[in-house]
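my questions are about this predicted structure, shown below with the sequence.
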Amino acid sequence: MIIRHVDDGLVCCDPIWEKAYQRFETREQEINKFIARLRRLGADELDRDVRILELFCGRGGGLTALRRLQFRHVEGLDLSESLLGQCDDTATLHLADCRRLPFDDGRFDIAIVQGGLHHLEDLNEDLDACLSEANRILQSNGLFWMVEPWMTPFLKWAHRITDHPFVRRIYPRGDALATMTEREASTYYHWLEEPDHILNSLSRYFDVQSRSIAWGKIEFSGRPRRETDA
């Protein structure tokens with residue numbers, strides 16, 4: 001079930017990017033990747049009745065991963081109706097803007113982002129709005145989990161290889177990655193160029209529980225900061 005929270009005029013997506021995203025890996029590969037990430041972030045230690053919201057949930061691979069880890073209360077949110085329409089999980093889905101979440105304060109115990117924040121158009125206002133909203137809808141002892149691209153030597157190498165025309169011809173997954181990068185270049189590279197700003201924004205809204213940077217990704221876990229914490 002998809003619950004709409006936006007006007008048609010606000011729903012935006014790039015069909016070329018979405019097709020490349022679907023070519024990059026199979027659904028099963030994506031689910032297994034998400035399961036491994038969630039376990040690294042501490043999923044195995046949590047009560048299975050916690051309330052979880054995944055932002056930028058796309059076609060629902062992360063939601064299925066959570067279900068396979070036996071979590072019982074899972075919801076997803078994205079701004080692409082076409083991707084939400086491909087989700088075959090039983091989770092409640094919300095067609096909504098992550099900068100204006102349609103939920104009451106403290107509704108969730110965990111909020112998750114796996115590769116969505118680097119799509120934001122304005123890294124100042126939009127990132128601040130997203131993190132502020134994630135903070136707001138979490139319980140005071142909740143958790144915010146984030147996995148996003150990060151500039152590392154491995155990521156530089158990966159882009160250099162997959163951008164090569166010959167590699168793109170013989171390696172479909174590399175071509176899919178290069179296509180996604182091209183379509184989101186303005187936001188993607190801006191994100192990669194602003195690590196200090198991103199870390200400062202995270203620390204404004206969340207107390208760090210864990211942070212790992214490796215293989216072109218940052219994996220972050222934090223608890224919401226309240227005004228009384230400042």
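Ah, there it is.

quick check: which element contains Leu53?
In this structure, Leu53 sits in strand 51-55 according to DSSP states H and E.

in this protein, which spans are strands?
Ranges of strands in the chain, per DSSP state E, are 2-4, 51-55, 73-78, 92-95, 108-114, 138-149, 206-214, 217-224.

and Glu182, which of these is closest to it?
Of all the strands of the chain, strand 138-149 sits nearest to Glu182, with 14.5 Å by C-beta to C-beta. C-beta coordinates here come from the backbone N, C-alpha and C atoms, glycine included.

what pairs with the closest one, parallel or antiparallel?
Strand 138-149 pairs in its sheet with strand 108-114 (parallel), strand 217-224 (antiparallel), by DSSP bridges.

mind giving me a markdown table with these and columns for mean neighbour count, mean pLDDT and distance to Trp17?
Listed next are these as a markdown table, based on neighbours: other C-beta atoms under 10 Å; pLDDT from 0 to 100; distance: least, C-beta to C-beta, whole Å:
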| stretch | mean neighbour count | mean pLDDT | distance to Trp17 |
| --- | --- | --- | --- |
| strand 108-114 | 25 | 98 | 16 |
| strand 217-224 | 20 | 98 | 19 |
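
reformat the ones you listed as TSV; add distance to Leu101.
Shown next, in TSV, are the strands paired with strand 138-149 (distance: least, C-beta to C-beta, whole Å):
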stretch	distance to Leu101
strand 108-114	9
strand 217-224	14
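
point out where this structure drops to low pLDDT.
7-12, 228-230 (pLDDT under 70).

can we see that at 90?
Residue ranges of the chain with pLDDT under 90: 1-15, 18, 21-22, 27, 80-83, 86-91, 226-230.

quick one: contacts of stretch 35-53?
Contacts to stretch 35-53, defined as C-beta atoms under 8 Å, 6 or more residues apart in numbering, come from residues 62, 65-66, 68-77, 103, 107-112, 114, 137, 143, 145, 147, 210, 212, 219, 221.

try it again with 6 Å
Here stretch 35-53 makes contact (C-beta atoms under 6 Å, 6 or more residues apart in numbering) with 65, 69-75, 108-111, 145, 147, 221.

where's Asp97 relative to Ala178, distance?
Counting by C-beta to C-beta, to the nearest Å, the separation of Asp97 from Ala178 is 28 Å.

quick one, the longest helix belonging to the chain and strand 206-214 angle?
In the chain, with assignment by DSSP state H, the single longest helix is helix 27-41. Angle, helix 27-41 to strand 206-214, by axes from the mean of the first three to the mean of the last three C-alpha atoms, to 10 degrees: 120 degrees.

and the furthest pair within the contacts of stretch 35-53?
For the contacts of stretch 35-53, the farthest-apart pair by C-beta to C-beta is Arg72 and Val147; their separation is 22.5 Å.

between the two, which has more neighbouring residues?
Taking neighbours as other C-beta atoms under 10 Å, Arg72 and Val147 compare with Val147 leading, 24 against 12.

ok, now which ones touch Arg136?
Arg136 touches Asp105, counting by C-beta under 6 Å, 6+ apart.

what's the answer for the one 4 residues further on, then?
Contacts were defined as C-beta under 6 Å, 6+ apart; by that measure Ser140 touches no other residue.

pull up the distance across stretch 162-176, start to finish.
9 Å (C-alpha to C-alpha, to the nearest Å).
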